[in-house]
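In: Return atomic coordinates for the entry below.
(one chain, ligands or ions: 2)
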Amino acid sequence: MSTPPEKSEDKGPSRNFIQQIIDTDRVASKNNGLVRTRFPPEPNGYLHIGHAKSICLNAGLAHEFNGEFNLRFDDTNPAKEEQEYVDAIMEDVRWLGADWEDRLYFASDYFDQLHAWAVRLIEAGKAYVCDLNADQMREHRGTLTEPGKECQYRMRSPEENLDLFERMKAGEFPDGSRTLRAKIDMASPNLNLRDPVMYRIKRAHHHRTGDSWCIYPSYDFTHGQSDSIEKVTHSICTLEFENHRPLYDWFCESLGIYHPQQIEFARLNLSYTVMSKRKLLQLVTEKHVGGWDDPRMPTIGGLRRRGYTSAAIRSFCDRIGVAKAASTIDMAWLEDAIREDLNQHAPRAMGVLRPLKVVIENYPEGEVEYLEAANHPQNPEMGTRTVPFSRELYIEQDDFKEDAPKKFFRLSVGREVRLRYAYFITCTDIVKDSSGNVTELRCTYDPATQGGNAPDGRKVKGTIHWVSADHAANAEVRLYDHLFRVENPNDTPEGGTFLDHLNPNSVEQIANAQLEPALAAAQPGSHFQFERNGYFFVDPVDSATGKPVFNRTATLRDTWAKLSKR
Ligand code: ATP
Ligand code: MG
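Out: Ligands and ions are numbered 1, 2, ... in the order given. This next block holds a predicted model:
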C-alpha cells in the first residue's frame, strides 16, 4: 500500500509529469499551443472512482490550459453496450463538474469514416481478409518468446480483399467466420503488431446505429483514429495501452492522418474494493449489492448516494496526483476528503442511533423547553436552531456503563455529564429488564447549569448528545463498512474468487434511530453531521416525505486507522 501523498497545499508549485509535457509542448508551440483532451468511456457499465480520476485529469488539464475537453463514447462493441450506460455516464461526468460543452461524440458516428479508412488500407496492401477462426488465430499468434506464423490468407490480393470485405459488410458470411486484419508483422516482439483484427462480423443491434452494420471495427482500429478525427492533442490513457501505442501510430501514419500524442499514466486502485467493470457488474447481477448505486459501491453513483460530494471527489483526485507507476491508494484517503468537505458545510444535529431511555426525575412532567443549539460551532453564520428538552430523553446506549472504569467520562451511577446545549445530569439509579439489560436510567438535572456550565465552577469531563423522547423523529439509519474484508480482494490462487472476501457486515440497518424533531422534514440529498456519530446523507432513493432514510457517509474520524493501532 502506498503512503498517501501529501495534501496538494503542501506540495507547492510542483507539477505532475503530464502538466510538464504540456508545458514543454506549449513552449515549442506544438498544436499552436492548443490543449484538447477527452474522456473516452465504453458504455458497458457505470463509472467508478478510477474513471473520476481520468475525468478530473482530462477536464482539469483542458481547464488549466484554456483548452477543450471532449466526451466521447467508445461504442464499438454492441453486444455489451447500452443506452442506459450512456445516460448514466453523462450524468456522472456532468455531476463531477466536467464540461464537454457541445462536444459530445460517439465512435459509432465515425463508422463510415473508419470503413473508408479500412478500404484505403486494403487498397494499399496493408490489410487483408483472414478466414482463420478465433482458435486458429490464437495458435498463429505465437507467444512473447515465439514469433507468430503468417497464414495463407495474408497473401490475398487487394482486389480479392476488397471484394471479400465488401461481402462481409453486405452480410454474406456468418458471424466470426472472417476478419479484416492489419498486415504489419507476425514476428514483431509487440504482440499488438502481429496483424491485429480491424473488423469482425457480428450481427448485433447497436444502441445508435441499429442494424445498419453487421461488421464492427475493433477498439484498436477505432480509438486512435477517433482521437485523430477530434484533433485530440494529448490522448491520455492508462498504462495498459502503452504497448498499443505503436499500433495507433502505425494506423495514423499509414493513413496519413493527424497524429495525437498518447501519454500513459497509472490507473487508480483503491484498497478494500474492486474497480474492474466485470467484477462490479457481477456484484450487481448476482445481487451482492442493491444495484450500481448501492452506497457501498465505488461507482460514482454509489458514492453520490452515500453522500459524497463532487468537490470531495475532485479534491481526492487532486491529492492523489498522477504517476507513471501503479500503486494502491488507501480508502482512508477518500474518506478523509469527504470529511474535510462536510466538516465545513454540513449542519450539525443530534441523532441517537441506539437509544437508551433517561428519565430526569426532578424535571416537571409535561414541561418542555426549547434550547438554542448552534448549527455549526465554527461557522456562526450558519445560525442556530432550537431543540426541545423534556423529562424523558434518549441517549446512546454506549454513553452508559454499569461497571465503568475510572477513565469512562460518560454516565454511570453516581456520575455527572453535560448534555450538549442543555444541562448537567447525574445518574442516580438504573432499571433492568428480566434478562438483566439496562432499559432505563433515572437521573437528576441541575437547573443552574443551563447552557452547559455550573455557576459553582465544578467541571464534568463528558458531553453527550441526546434527544427528547416525546419529540424525537423516528428514522431508519444505515451504517456502512468496507464492502470487502481485505485490502486487496483479488481472486485467490486456490481457485477462490474476489467474492470470497465480501464483508458480510458491510451494512447495518438501524430501523428506529431517534433524531431531533426537525430532521423528520430533512430533504433528500441533504447532508448533516450527527454530533459524535458521523456525517449522514438523506438517501435520495428510499426516503419519502416525512420519512427520511439516512446513509452514513463517513464516521467523524478514521476508525480504521484507530483499529489497526490497537
Ligand atoms: P474496460 O476497458 O475493461 O471495460 P475500463 O475501466 O478501461 O474498463 P473504459 O470505459 O474503457 O473502462 O474507461 C474509460 C477511461 O477511463 C479510459 O481512458 C481508462 O483509461 C480510464 N480508466 C479506467 N479505469 C481507470 C482507473 N482505475 N484509474 C484511472 N483511469 C481509469
Ligand atoms: Mg478500457
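
In: Residue 17: neighbouring residues, count only.
Out: By other C-beta atoms under 10 Å, the residues close to residue 17 number 13. In short, each C-beta sits where N, CA and C put it, glycine included.

In: Any idea which residue of the stretch 1-150 of the chain lies closest to ligand 1?
Out: Among all residues of the stretch 1-150 of the chain, residue 50 sits closest to ligand 1, at 2.2 Å; criterion: C-beta to the nearest ligand atom.

In: Can you tell me the element that residue falls in?
Out: helix 49-64 (DSSP states H and E).

In: How about residue 77?
Out: Using DSSP H and E, residue 77 maps to neither a helix nor a strand.

In: Would you map the helices across the chain?
Out: Using DSSP state H, the helices of the chain run over 8-11, 17-27, 49-64, 83-95, 111-123, 134-141, 158-169, 219-229, 245-255, 277-285, 300-306, 310-320, 331-345, 559-565.

In: would you list these in CSV and tack on mean pLDDT?
Out: As requested, these are exported to CSV (pLDDT from 0 to 100):
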stretch, mean pLDDT
helix 8-11, 46
helix 17-27, 96
helix 49-64, 98
helix 83-95, 97
helix 111-123, 98
helix 134-141, 96
helix 158-169, 98
helix 219-229, 98
helix 245-255, 97
helix 277-285, 96
helix 300-306, 98
helix 310-320, 97
helix 331-345, 96
helix 559-565, 44
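
In: Quick check: residue 537 vs residue 361, distance?
Out: Plainly put, residue 537 is 38 Å away from residue 361 if you go by C-beta to C-beta, to the nearest Å.

In: err, residue 526, not the other one
Out: Separation of residue 526 from residue 361 (C-beta to C-beta) stands at 37 Å.

In: More neighbours: these two, which one.
Out: Neighbours of residue 526 and residue 361, each counted by other C-beta under 10 Å, are more numerous for residue 526; the result is 17 against 11.

In: Give me the distance between the residue nearest to residue 52 when sequence neighbours are not counted and ligand 1.
Out: Closest residue to residue 52 in three dimensions, ignoring its sequence neighbours and counting by C-beta to C-beta, 6 or more residues apart in numbering: residue 313, at 5.3 Å. Applying C-beta to the nearest ligand atom, to the nearest Å, the value for residue 313 to ligand 1 is 13 Å.

In: Tally up the residues packed near residue 256, please.
Out: Based on other C-beta under 10 Å, the number of other residues close to residue 256 is 8.

In: Can you give me the pLDDT of it?
Out: pLDDT recorded at residue 256 is 98.

In: try residue 12
Out: The score at residue 12 is 50. That number is its pLDDT.

In: Ok, residue 410 next?
Out: 96.

In: where does it fall, phi/psi-wise?
Out: Backbone torsions for residue 410, taken as degrees, to the nearest 10, come to phi -100, psi -150.

In: How about residue 249, nearest residue that isn't a chain neighbour?
Out: Leaving aside its chain neighbours, residue 249 sits nearest to residue 259 (7.2 Å; criterion: C-beta to C-beta, 6+ apart).

In: Tell me which of the helices of the chain approaches residue 477 most closely.
Out: Distance to residue 477, taken as C-beta to C-beta, is lowest for helix 300-306 among the helices of the chain, at 13.2 Å.

In: Quick one: list the elements packing against that closest one.
Out: Judged by 3 or more C-beta pairs under 8 Å, 6 or more residues apart in numbering; DSSP states H and E, the packing partners of helix 300-306 are helix 49-64, helix 83-95, helix 310-320, strand 549-554.

In: And for residue 155, the neighbour number?
Out: Residues near residue 155, counting by other C-beta under 10 Å: 10.

In: residue contacts, the most far-flung residue of the chain relative to its centre?
Out: If you look at how far each residue of the chain sits from its centre, by C-alpha atoms, centre = their mean, the farthest one is residue 456, at 52.8 Å. Applying C-beta atoms under 8 Å, 6 or more residues apart in numbering, one finds that residue 456 lies in contact with residue 448.

In: so what's it scoring on pLDDT?
Out: For residue 456, the model assigns a pLDDT of 95.

In: Same check on the one 3 residues further on?
Out: Taken from the predicted model, the pLDDT recorded for residue 459 is 94.

In: Check the gap between it and residue 420 for me.
Out: In this structure, residue 459 and residue 420 are 16 Å apart, going by C-beta to C-beta.

In: In terms of neighbours, single out the busier of those two.
Out: Counting neighbours by other C-beta under 10 Å for residue 459 and for residue 420 shows that residue 420 has the greater number, 17 against 9.

In: Quick check: bridge partners of the one residue in the stretch 101-250 of the chain that gets nearest to ligand 1?
Out: Among all residues of the stretch 101-250 of the chain, residue 238 sits closest to ligand 1, at 3.6 Å; criterion: C-beta to the nearest ligand atom. On the basis of DSSP bridges, residue 238 is bridged to residue 265.

In: hang on, isn't it packed against residue 262?
Out: No: the pair residue 238 / residue 262 is not scored as a contact, 11.0 Å apart, by C-beta atoms under 8 Å.

In: Kindly report the domain assignment for this structure.
Out: Described in terms of automatic domain parsing, the domain architecture of the chain consists of the residue ranges 17-267, 277-347+475-563, 351-465.

In: What's the separation between residue 189 and residue 18?
Out: Taken as C-beta to C-beta, the span from residue 189 to residue 18 is 27 Å.

In: With residue 411 instead?
Out: 56 Å.

In: If you count surrounding residues, which of those two has more?
Out: Neighbours were counted for residue 411 and for residue 18 using other C-beta under 10 Å; residue 411 has more, 26 against 20.

In: Surely the more buried one is in contact with residue 395?
Out: Yes: using C-beta under 8 Å, residue 411 and residue 395 qualify as a contacting pair, with a distance of 7.3 Å.

In: Angles on the backbone of whichever residue of the stretch 451-566 of the chain sits closest to ligand 1, please.
Out: Among residues of the stretch 451-566 of the chain, the one nearest ligand 1 by C-beta to the nearest ligand atom turns out to be residue 488. It sits 14.4 Å away. For residue 488, the backbone dihedrals (degrees, to the nearest 10) come out as phi -130, psi 80.
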